[in-house]
Structures are given as C-alpha cells and as structure tokens.
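A.B. asks: missing the sequence, but the structure's below:
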C-alpha cells in the first residue's frame, strides 16, 4: 500500500523567511496530494492541494510542487508570518478503488517574530 | 451548515470500559472516515464508509467497530478500552469518491487509564 514520508519533523524560521516541507510517496498510482494545517488543539484544515496532472499550484503565499517521476511533492510558504506556526501534514490519495488518504507524520513549523 | 460535529470533546475511560464516539455531518456527504492521531504522528485511518450500510476497515481497525445506518451519522464504538487507544479521534467526510476535499470534525480527546 501507499506510504508517505515527510521531512523535516520540525522547522524553525524567522518571520519573513521561506519554509519548505517535503514529502515522498511510494504508490505511483496516487493521484491527489493535499496539505493540511493543524493549529494546536484544532482540527486539520486543507490549505492547498494538487492533482497528479499538474506540476505546480500556487495560492498567495503558499505553493505546492509535484514531481511524479521522483514521487515527491513539496509545500512552499513564502514571507512567513507568526500565524503560520502550526503542524503541517501532507497526504497522498492512494491507488485502488477507494483511494483513501495516507498521511505523513507532520512538520511542526515555528515562525519567530 | 454545522459541517462535521463530534461528541464528546473529551472523555476519560477506565481500562475495559466501552464507549461510542459520535460523528454527524449535515452536508449530505456519502463518504465518512474515522482517524486517530497519536502525539507526534499523522492521522491513521481506522474505518471508513462510502455510504449508508457500507463500512470497511482502514489501517488500524483492531479494537473498534462502526456502523452507518444513515447518511448523516457514523459512530465509532470502542469495546474493552485499552491504554493503547488513548488518542485524539477525528471524524471526516467528503462529498464523493473522487478527488475532493475531506472535512474534519473538531476531534474527541480520549484517555484510557
């Protein structure tokens, strides 16, 4: 089945700097890659997603890139702000009839003012 | 719309007790999911349902049971609670089987002592 690895597990940046979180997946049939942001004690919320027929997608300060050949995708946050501090999870929608999401272990991002 | 709601928010169980975690969605979503989130880990799929009357196991189903008698409700049953089931439980739903966003409930924090 699908396996998703996420790095780094923690990331600390200065306000205004960029942050990059990387994920790799194992199932070449995976076709959908969402990113979730989870603030402390809150539910995960979708911030951006990308489908396998697209190489890059951008939404204001966040962007996601996908390399299907290498089976990895990345989240890029530019001009980081303290409110970006949270745990970020990547996920991959596995192949198979139900296509359930498989999540990475998360990256705790801290943005220092 | 209330979205996805879960009750209770917190619960402490003694070893061997049983309980049901409630999940309800008012978005008329066919697909519903139960995840558990252990500290420092991503979300692991326990059970899922693609419609009323249909359920299937996820990655970590042992010690749990589910039912789906209506589109709106997807309760998770813990029988003979064990300390290993201490976790935060999230219910989620999505409209269909394709590449669409999953919406998460607020979570239930369960401690088994």
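C.D. replies: Cool, got the structure. Quick caveat: nothing in here was measured; it's all calculated off a predicted structure.
A.B. asks: What residues does chain B have near chain A?
C.D. replies: B:33, B:40-45, B:48, B:50, B:56, B:58, B:90, B:97, B:99, B:101-102, B:104-107 (Cβ under 8 Å from any Cβ of the partner chain). C-betas here are computed from N, CA, C, even on glycine.
A.B. asks: Of the residues you listed, select the buried ones using a ChimeraX command.
C.D. replies: Filtering the residues of chain B next to chain A down to the buried ones (16 or more other Cβ atoms under 10 Å in any protein chain shown) takes a single ChimeraX command:
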select /B:33,42,43,44,45,48,50,58,90,102,104,105,107
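A.B. asks: Nearest spatial neighbour of the residue in chain B that chain A sits nearest to, chain-adjacent residues omitted?
C.D. replies: In chain B, no residue comes nearer to chain A than residue B:42, which is 3.6 Å away by Cβ to the nearest Cβ. Closest residue to residue B:42 apart from its sequence neighbours, by Cβ to Cβ, 6 or more residues apart in numbering or on different chains: residue A:103 at 3.6 Å.
A.B. asks: Verify the stated contact: that neighbour with residue A:88.
C.D. replies: No. When contacts are counted by Cβ atoms under 8 Å, residue A:103 is not listed as touching residue A:88 (10.9 Å).
A.B. asks: Need the overlap of contacts for the two.
C.D. replies: Common contacts of residue A:103 and residue A:88 (Cβ atoms under 8 Å, 6 or more residues apart in numbering or on different chains): residue A:36.
A.B. asks: circling back to that earlier point, is the residue nearest to residue B:42 bridged to anything, and to what?
C.D. replies: residue A:91 (DSSP bridges).
A.B. asks: can you tell me which residues contact it?
C.D. replies: A:4, A:36, A:89, A:90, A:91, B:42, B:43, B:44.
A.B. asks: and it, what pLDDT?
C.D. replies: In this prediction, residue A:103 carries a pLDDT score of 94.
A.B. asks: I'd like to know how far it sits from residue A:111.
C.D. replies: 22 Å (Cβ to Cβ, to the nearest Å).
A.B. asks: re the thing from before, what residues does the residue of chain B closest to chain A make contact with?
C.D. replies: A:4, A:6, A:89, A:91, A:103, A:104, A:105, A:106.
A.B. asks: The closest residue to the third one other than its chain neighbours: how many residues sit nearby?
C.D. replies: The reference is to residue A:89. Distances taken as Cβ to Cβ, 6+ apart place residue A:36 nearest to residue A:89, at 4.5 Å, with adjacent residues excluded. Counted by other Cβ atoms under 10 Å in any protein chain shown, the residues lying close to residue A:36 total 26.
A.B. asks: helix or strand for residue A:36, which one?
C.D. replies: strand A:32-38 (DSSP states H and E).
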